[in-house]
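Undergrad: Dropping a prediction and its sequence here:
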Amino acid sequence: MKKARNLIYEKRFFLASFGLYLLAFLVSHYFYYQRLAAFGCFDDCFNYMGGYFISKGKEIYVDFFFNHSFLMPFISFLIQKITAPQTIYSLILYHKLFLFAFSLGMGTLLILRFRYTALLALVFFELTKFYVFGDHFLGESFVVYPLMYLVGLVWEKVNKRKLFSYDYLLVGLFVWFCVFTREPYAPLSLILFLLILVGKGEWKQKTYGLIILGGLSVLSVFSISIKDFFLNVYIYNKDIIGDEFKRNNVYGLGLLNTLIYPVRVIIQGEWNLLRQILIIFSSVFIATGIFYSVKFKRLGFLVLLFILGLANIRPTIPGQAFYEAYHMNVWYALMLFATLLITFELIKKEKTLRVYFLMPFFILFVYILFSPGFFIHEKINKTQELNTGYGNEFAYGTAIKTLSSPKSNLFLENTDDLIYWVANVDSSYKYTWYTAHMPLIERYKNERSKMFENNPPDFYYDACKLLR
């Protein structure tokens, strides 16, 4: 009787806690909606335009340059095909509503699987992901949730708990999704997959996971030009990413920077709300991790430290936010989750200390809500942000659309690519657009010169000249 009563109380407490998560999620996303156009056209526009070109019958990597994996533009293509947005505002809105639904669905799945650990991690992440562009239509904003699930399963394995059959099915799906959504996290995804598969038993379930991953991967690879994918994503990216790695010192011994990043957070960086959050979580992560390792003589803390290192291949100065920090989105979420994995593991084993383990998070939660630096306290003008962020694209795109004929063509010089979407005018350029680091690549530079010699555009736009 007492056991049944306890189960009822536990169920009610869990439902009340889930209500807290939903409240945090809805409140934070209400403010994200208010900041819908904040920061203007970033890499999310790169994904919008990939989807737009696909809708016009262009083949990714062949007919237009795209130096990321291809699931994001295909997702954008489906969103644009189904919703048929007519304005820039509706284009952004529909994409962010899709991210909203994805985040809520994946968050719910994580909480049902990992209970309070995921719940508390997601409350903090959803409230603060604005600072790492987690509210933008970027690959990082999507892969973060399946990666959390995979890390949670690795933790279950480390602590010698058996996985469910459905876990292995989801593992295959999630690894495929991460690999083909955002290529920098392919190594992390595959290593997590191997860590989950390692060990005796459950061969049937593991085989199902392998079949799902293998089958979806084969279908994906044969849906694109493999040669052009390799050129766009690897060959044309390697020098630029290599330079970035040198700047961030992640070669050789510099790789230690990625592993000791939780320590770096505490001793250096910009002083703002984001870093204050990171200091609390990093401190708890290190303290509880050492305590867990010494007390129970298990390698879980070191495994999590290794995973966080793999998630942090493009580290920034601790505390940097927004444009500088979107590469840290995945690491940030996994750091929150990893800290709480250890914390709740200790709570299970040391129940008398649960108040002490949870107190820092309660204090931090209250501090965030009432901090003057928290973005929800900022006074903003939604219309002004839209005009500031997308004014050029709307004004010039509308002018070109008004002046053009069905046979007109257009060339944009390396920026404001959304003008193609607004104007709905074909490009005069062989590779459709001239963006990102295409001007640094001989193949695309030469083709641009040929275009001006043989097929000059009816409309030409160069934002840099307009600013001079």
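TA: Happy to help now that I have it. Please read these numbers as outputs of a predicted model, since none were measured by experiment.

Undergrad: Point out where this protein drops to low pLDDT.
TA: 1-7, 9, 239-255, 464-468 (pLDDT under 70).

Undergrad: any idea which residue sits dead centre in it?
TA: Among the residues of the chain, the one closest to the centroid is E140, at 1.5 Å (CA atoms, centre = their mean).

Undergrad: Which element, helix or strand, includes L192?
TA: Using DSSP states H and E, L192 maps to helix 186-197.

Undergrad: next one: that helix to chain centre, how far?
TA: 18 Å (CA atoms, centre = their mean, to the nearest Å).

Undergrad: elements contacting that helix?
TA: Counting contacts by 3 or more CB pairs under 8 Å, 6 or more residues apart in numbering; DSSP states H and E, helix 186-197 packs against helix 139-158, helix 165-181, helix 203-221, helix 300-310. Heads up, the C-betas are built off the backbone N, CA and C, glycines and all.

Undergrad: Can you tell me what sits against that helix?
TA: 143, 147, 150-151, 153-154, 157, 163, 167-168, 171, 174-175, 178-179, 206, 209-210, 213, 303, 307, 310-311 (CB atoms under 8 Å, 6 or more residues apart in numbering).

Undergrad: now with 6 Å?
TA: 150, 153-154, 171, 175, 178-179, 206, 310-311 (CB atoms under 6 Å, 6 or more residues apart in numbering).

Undergrad: can you check stretch 300-317 too?
TA: Outside stretch 300-317, the residues touching it (CB under 6 Å, 6+ apart) are 151, 158, 188, 248, 257-259, 261, 269, 289, 292-293, 324-325, 327-328, 330-331, 334, 338.

Undergrad: Can you select the buried ones from those residues in ChimeraX?
TA: Buried residues among the contacts of stretch 300-317 (16 or more other CB atoms under 10 Å), as a ChimeraX selection:
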select :151,158,188,248,257,258,261,269,289,292,325,327,328,330,331,334,338
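
Undergrad: Could you tell me which of the contacts of stretch 300-317 belong to helices?
TA: 151, 158, 188, 248, 257-259, 261, 289, 292-293, 330-331, 334, 338 (DSSP state H).

Undergrad: Tell me the one of those residues nearest T402?
TA: V330 (42.6 Å; CB to CB).

Undergrad: distance of the closest one from C178?
TA: 9 Å (CB to CB, to the nearest Å).

Undergrad: hey, what's in contact with both of the two?
TA: When contacts are counted by CB under 6 Å, 6+ apart, V330 and C178 have no shared neighbour.

Undergrad: how about the strands in this structure?
TA: 409-412, 426-427, 459-461 (DSSP state E).

Undergrad: I'd like to know which of those strands lies nearest to L99.
TA: Per CB to CB, nearest to L99 of the strands of the chain: strand 409-412, 26.1 Å.

Undergrad: hmm, back to that, quickly name whichever of the ones in helices among the contacts of stretch 300-317 is closest to Q86.
TA: Looking across those and measuring by CB to CB, the closest to Q86 is V330, at 33.6 Å.

Undergrad: I figured that closest one hits V144, correct?
TA: Yes - using CB atoms under 6 Å, V330 makes contact with V144 at a distance of 5.2 Å.

Undergrad: So which of the strands of the chain has the densest surroundings on average?
TA: For these, average neighbour numbers computed from mean count of other CB atoms under 10 Å are highest in strand 409-412, which has a mean of 22.

Undergrad: Report the strands that pair with that strand, each with its relative direction.
TA: strand 426-427 (parallel), strand 459-461 (parallel) (DSSP bridges).

Undergrad: among those, which is nearest F77?
TA: Proximity to F77 (CB to CB) singles out strand 426-427 among those, at 17.3 Å.

Undergrad: pretty sure F64 is in contact with G57, am I right?
TA: No - counting by CB under 6 Å, F64 stays clear of G57, with 11.1 Å between them.

Undergrad: Next, the angle helix 165-181 makes with the longest helix seen in the chain.
TA: Ranked by residue count, the top helix of the chain under DSSP H comes out as helix 88-128. Relative orientation of helix 88-128 versus helix 165-181 (axes from the mean of the first three to the mean of the last three CA atoms, to 10 degrees): 130 degrees.

Undergrad: From the chain's centroid, how far away is helix 88-128?
TA: Centroid separation for helix 88-128 versus its chain: 11 Å, with CA atoms, centre = their mean.

Undergrad: Same question for stretch 441-448.
TA: On CA atoms, centre = their mean, the centre of stretch 441-448 falls 31 Å from that of its chain.

Undergrad: residues touching the residue nearest to the centre of the chain, list them.
TA: Counted by CB under 6 Å, 6+ apart, E140 has contacts 329-330.

Undergrad: quick one: it from K407, how far?
TA: As judged by CB to CB, E140 and K407 stand 40 Å apart.

Undergrad: So what's the residue count around F65?
TA: Here the number of neighbours of F65 (other CB atoms under 10 Å) works out to 23.

Undergrad: Wait, it touches M438, no?
TA: Yes - between F65 and M438 there is a contact at 5.4 Å, judged by CB under 6 Å.

Undergrad: number of nearby residues for L122?
TA: Neighbours of L122 (other CB under 10 Å): 28.

Undergrad: Relative to E385, how far out is the closest residue to it other than its chain neighbours?
TA: Nearest non-adjacent residue to L122, counting by CB to CB, 6 or more residues apart in numbering: G107, 5.0 Å away. Using CB to CB, one gets 26 Å for the distance from G107 to E385.

Undergrad: Which one of these two is surrounded by more residues?
TA: Between G107 and E385, G107 has the larger neighbour count (other CB under 10 Å), namely 22 against 17.

Undergrad: The residue lying closest to T316 once chain neighbours are set aside and D462, how far apart?
TA: Nearest non-adjacent residue to T316, counting by CB to CB, 6+ apart: E324, 5.2 Å away. Here E324 is placed at a distance of 27 Å from D462 (CB to CB).

Undergrad: And for L341?
TA: 51 Å.

Undergrad: who's more crowded, these two?
TA: More crowded of L341 and D462, by other CB under 10 Å: L341, with 30 against 14.

Undergrad: what about the nearest residue to the more buried one once chain neighbours are set aside, distance to I82?
TA: Nearest residue to L341 in three dimensions, chain neighbours excluded: W155, at 4.9 Å (CB to CB, 6+ apart). Using CB to CB, W155 is found at 37 Å from I82.

Undergrad: Among those two, which residue is more densely surrounded?
TA: Set W155 next to I82 and count neighbours by other CB under 10 Å: W155 wins out with 23 against 10.
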